[in-house]
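Peer 1: Pasted the sequence and its predicted model underneath.
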Amino acid sequence: MGLGNISSVQTALRTLRAVQSAGEDVRAQISTGLKVRGANDNPAFFLVSQKTRSDVTVLSGLRENLTVVEGAIGAANAGIEELNRLVEQIYDLVPTAQTGIAIEEQDIVFGEILKQFRDTINASSFQGTNLLTQSDISTSVIGLDRSGSGFDFRTLSLAGGDFLRDSFFDGLEELDGEFVINAENFTSRETAIGRGDGLVNEWVAGTGALEGFMVWEEDGVDDFFADASPGSRTDLYRDPSDVLAYAPRIDYRVQVNTPGRYYVNVRGIGVAPAGDSIHVGFDGNVLTGTGGVQIPNGGGWGTRDTLSGARVFVDIAAPGIYTLNIWGREDGTAIDGIQFIEGDPSEPSAATPLPPPTPISGSDLPYFTDAEFGAERRASAGIYELLTLVNPSAIRLAPEDSMQIIEEVRSRLSIYQSQLGAYDRLIDRQDTYLRDLTGGLDLAVSALVEADLEEASSRLQAVQVQEQLALQNLGIINRSQSQILTLFN
């Protein structure tokens with residue numbers, strides 16, 4: 001074979017190999033669907049595609065997290081819908097409760113509604129997240145922001161409803177033959193203008209060493225620690241008419257079921273050497289004569305009349321609803337609480353603490369509807385605690401206050417449901433954004449690394465034709481060489 005023929009064969013083989021290599025590349029693109037299968041195909045495109053794929057994976061996870069958050073919001077919304085229906089059932093109790101008919105039966109119904117209310121709150125959970133009982137703010141990751149070589153997560157803060165929050169108010173107590181009143185848990189209070197000095201006298205909540213006490217103030221100035229004796233004071237009211245005209249008053253609404261003689265024990269502090277004193281009465285009537293109840297200097301229990309030294313008591317002739325009144329007899333007085341015991345004249349020792357107060361008639365309603373402090377006290381209570389206040393007995397005794405509490409419960413439910421709606425709309429928008437962003441990134445990756453199968457198919461056909469032509473050319477060269485060799489035989 002001549003050199004020219006050898007060169008022709010080599011050229012034909014190189015052509016065939018190049019065509020076959022191109023064919024393998026096209027066939028790989030068709031079989032994998034990718035034109036960039038590794039860094040050796042296109043380093044820049046491969047790097048960008050890998051980074052983008054990782055972003056898509058994270059974004060897909062974020063969308064799954066949004067589904068969990070959306071589920072928790074949906075469960076909370078469903079719970080509130082049911083709670084609203086239960087509140088409507090309490091509304092239905094109001095007309096009947098005001099008549100005082102079948103109170104015991106209504107109490108059973110009310111108890112069942114409360115149980116359903118609490119159970120609904122506890123059941124409004126999704127995947128362990130209960131926004132109705134959540135007391136703090138939870139943070140959920142809802143987005144991803146790229147910044148240079150790093151990234152930042154976008155978060156959504158979800159405020160819990162804290163429906164089962166407890167204000168831990170002990171309330172007032174009424175037991176058989178005994179009721180105890182915490183001085184700060186008043187229903188209302190009245191100021192008065194002093195007889196001699198024309199200053200405003202009022203009872204205010206004590207601070208510092210007197211926290212938990214109610215203290216007599218004059219024109220906003222704490223007079224408790226003033227060095228004054230009863231003889232030099234301008235505020236000393238013995239006669240009941242003077243008490244009603246000039247002394248500051250605190251009121252407490254109580255229900256007495258057991259009539260009788262109740263001995264009065266007042267726990268407080270007097271500043272004068274001989275102590276200070278208050279007056280006690282019911283429904284605006286002073287029942288402690290001119291002496292009042294003496295409170296010892298330095299603190300302790302006051303049980304006796306300031307003037308006569310006799311044991312102080314009040315006679316309650318019939319069961320019923322009463323407004324207990326406490327007036328200041330002389331300035332320089334601070335009271336912690338009052339205990340009324342039917343038929344028991346024994347006196348507590350100075351070290352005996354005030355017994356723990358509990359609700360009157362099962363309700364702390366007066367405490368939470370006080371005109372001055374009620375709003376603040378209600379704010380410290382959860383929705384469930386507020387609803388427990390409006391039992392049928394409370395509705396009968398204080399219908400307007402009960403309606404105020406029911407309206408507050410319904411208002412809070414509506415406000416939190418609106419808040420959940422805002423969260424839900426934000427989640428929907430974010431989910432739509434993440435879906436569109438993920439789709440856009442998928443398309444970008446496809447444009448970078450995925451093969452155009454239609455184009456690849458066309459190329460494959462062309463390569464196959466080229467392969468056939470290269471094979472034919474090689475075959476022609478081989479036949480030509482064979483014919484030349486035949487001539488020499």
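Peer 2: Arrived safely.

Peer 1: Assign a three-state SS to Phe179, would you?
Peer 2: strand (DSSP: H, G, I helix; E, B strand; the rest coil).

Peer 1: That one is in contact with Val254, isn't it?
Peer 2: Yes: using CB atoms under 8 Å, Phe179 is in contact with Val254, at 6.0 Å. To be clear about C-beta, it is placed using only N, CA and C from the backbone, and glycine gets the same treatment.

Peer 1: Of these two, which one has the most company?
Peer 2: Using other CB atoms under 10 Å as the criterion, Phe179 and Val254 rank with Phe179 on top: 26 against 22.

Peer 1: ok, now how distant is that one from Gly161?
Peer 2: Plainly put, Phe179 is 35 Å away from Gly161 if you go by CB to CB, to the nearest Å.

Peer 1: try Ile113
Peer 2: Taking CB to CB, one finds Ile113 at 19 Å from Gly161.

Peer 1: cool, and Asp107?
Peer 2: 27 Å.

Peer 1: neighbour count winner among the two?
Peer 2: Comparing Asp107 with Gly161 by other CB under 10 Å, the one with more neighbours is Gly161, at 26 against 16.

Peer 1: Name the helix or strand for the more buried one, please.
Peer 2: Gly161 is part of no helix or strand, with elements assigned from DSSP states H and E.

Peer 1: Gly79 is in contact with that one, correct?
Peer 2: No: counting by CB under 8 Å, Gly161 stays clear of Gly79, with 9.1 Å between them.

Peer 1: Name all residues that sit in contact with those two at the same time.
Peer 2: Leu132 (CB atoms under 8 Å, 6 or more residues apart in numbering).

Peer 1: so where do the helices sit in the protein?
Peer 2: 3-32, 43-99, 103-123, 240-246, 365-368, 374-379, 383-388, 392-397, 399-449, 453-487 (DSSP state H).

Peer 1: Next, count neighbours for Asp305.
Peer 2: By other CB under 10 Å, neighbour count at Asp305 equals 18.

Peer 1: isn't it right up against Leu287?
Peer 2: No: with contact defined as CB under 8 Å, Asp305 does not count as touching Leu287 (11.6 Å).

Peer 1: Could you tell me which residues make contact with Asn201?
Peer 2: Counting by CB under 8 Å, 6+ apart, Asn201 has contacts 191-194, 216-218, 235, 246-248, 328, 331.

Peer 1: With distance to Ala205 as added columns, please give those residues in CSV.
Peer 2: CSV is the format used below for these (distance: CB to CB, whole Å):
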residue, distance to Ala205
Thr191, 14
Ala192, 18
Ile193, 21
Gly194, 20
Trp216, 12
Glu217, 10
Glu218, 16
Asp235, 19
Tyr246, 22
Ala247, 18
Pro248, 13
Gly328, 15
Asp331, 17
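
Peer 1: and those as TSV, adding pLDDT and neighbour count?
Peer 2: Putting the contacts of Asn201 into TSV (pLDDT from 0 to 100; neighbours: other CB atoms under 10 Å) gives the following:
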residue	pLDDT	neighbour count
Thr191	90	12
Ala192	91	20
Ile193	91	12
Gly194	87	19
Trp216	86	25
Glu217	82	20
Glu218	76	18
Asp235	74	25
Tyr246	91	19
Ala247	92	29
Pro248	93	25
Gly328	89	29
Asp331	79	27
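
Peer 1: Now flag whichever of those is closest to Val293.
Peer 2: Nearest to Val293 out of the contacts of Asn201 is Gly328 (CB to CB; 11.3 Å).

Peer 1: Now do the same contact list for the closest one.
Peer 2: Per CB under 8 Å, 6+ apart, neighbours of Gly328: 201, 203, 216, 235, 237, 247-248, 278-279.

Peer 1: do the same with Asp344
Peer 2: By CB under 8 Å, 6+ apart, the neighbours of Asp344 are 177, 263.

Peer 1: What's the separation between it and Phe186?
Peer 2: In terms of CB to CB, Asp344 sits 25 Å off from Phe186.

Peer 1: contacting residues for Gln127?
Peer 2: Contacts of Gln127 by CB under 8 Å, 6+ apart are 68, 71-72.

Peer 1: Show me just the buried residues among those residues.
Peer 2: Among these, those buried by neighbour count (16 or more other CB atoms under 10 Å) are Ala72.

Peer 1: how much space is there between Asp119 and Ser125?
Peer 2: With CB to CB as the criterion, Asp119 and Ser125 are 12 Å apart.

Peer 1: Revised request: answer the last question for Leu132.
Peer 2: For Leu132 relative to Ser125 (CB to CB), the value is 8 Å.

Peer 1: who's more crowded, Asp119 and Ser125?
Peer 2: The residue with more neighbours, out of Asp119 and Ser125, is Ser125; 18 against 11, by other CB under 10 Å.

Peer 1: Return the per-residue confidence for the nearest residue to the more buried one once chain neighbours are set aside.
Peer 2: Residue nearest to Ser125 in three dimensions, not counting chain neighbours: Ala75, with 5.9 Å by CB to CB, 6 or more residues apart in numbering. Ala75 is assigned 94 on the pLDDT scale.

Peer 1: Equivalent analysis for Glu184, please.
Peer 2: With respect to pLDDT, Glu184 has a value of 82.

Peer 1: cool, and Val280?
Peer 2: 95.

Peer 1: how close does the residue nearest to it when sequence neighbours are not counted sit to Gln294?
Peer 2: In space, and not counting its chain neighbours, Val280 is closest to Thr288: 5.0 Å by CB to CB, 6+ apart. As judged by CB to CB, Thr288 and Gln294 stand 10 Å apart.

Peer 1: Find the residues that touch each one of those two.
Peer 2: With CB under 8 Å, 6+ apart as the test, Thr288 and Gln294 both reach Asp305.

Peer 1: wait, doesn't Leu199 sit right on Thr191?
Peer 2: No: look at Leu199 against Thr191 with CB under 8 Å: they stay out of range, at 10.2 Å.

Peer 1: my guess is Gly177 contacts Ile316, does it?
Peer 2: No: using CB under 8 Å as the test, Gly177 is too far from Ile316 to be in contact (10.8 Å).

Peer 1: which one of those two has more residues nearby?
Peer 2: Ile316 (18 against 15).

Peer 1: Tell me the pLDDT of the more buried one.
Peer 2: So, for Ile316, pLDDT stands at 91.

Peer 1: how about it, what does it touch?
Peer 2: 256, 259-262, 282, 322.

Peer 1: in the stretch 51-200 of the chain, which ranges drop under the pLDDT threshold?
Peer 2: 51-56, 58-59, 146-151, 167-175 (pLDDT under 70).

Peer 1: Enumerate every residue touching the nearest residue to Leu158 once chain neighbours are set aside.
Peer 2: Distances taken as CB to CB, 6+ apart place Ser138 nearest to Leu158, at 5.0 Å, with adjacent residues excluded. Residues in contact with Ser138 (CB under 8 Å, 6+ apart) are 129, 157-158, 160.

Peer 1: Name only those of the residues you listed that count as buried.
Peer 2: Of the contacts of Ser138, these count as buried by 16+ other CB under 10 Å: 129, 158, 160.

Peer 1: Of those, which is the nearest to Leu354?
Peer 2: Gly160 (34.9 Å).

Peer 1: what's the burial count for the closest residue to the closest one other than its chain neighbours?
Peer 2: Leaving aside its chain neighbours, Gly160 sits nearest to Gln134 (2.6 Å; criterion: CB to CB, 6+ apart). Using other CB under 10 Å, Gln134 has 19 other residues around it.

Peer 1: In contact with Gln134, which residues?
Peer 2: By CB under 8 Å, 6+ apart, the neighbours of Gln134 are 158, 160-162.

Peer 1: Which one of those residues is nearest to Glu211?
Peer 2: Asp162 (25.7 Å).
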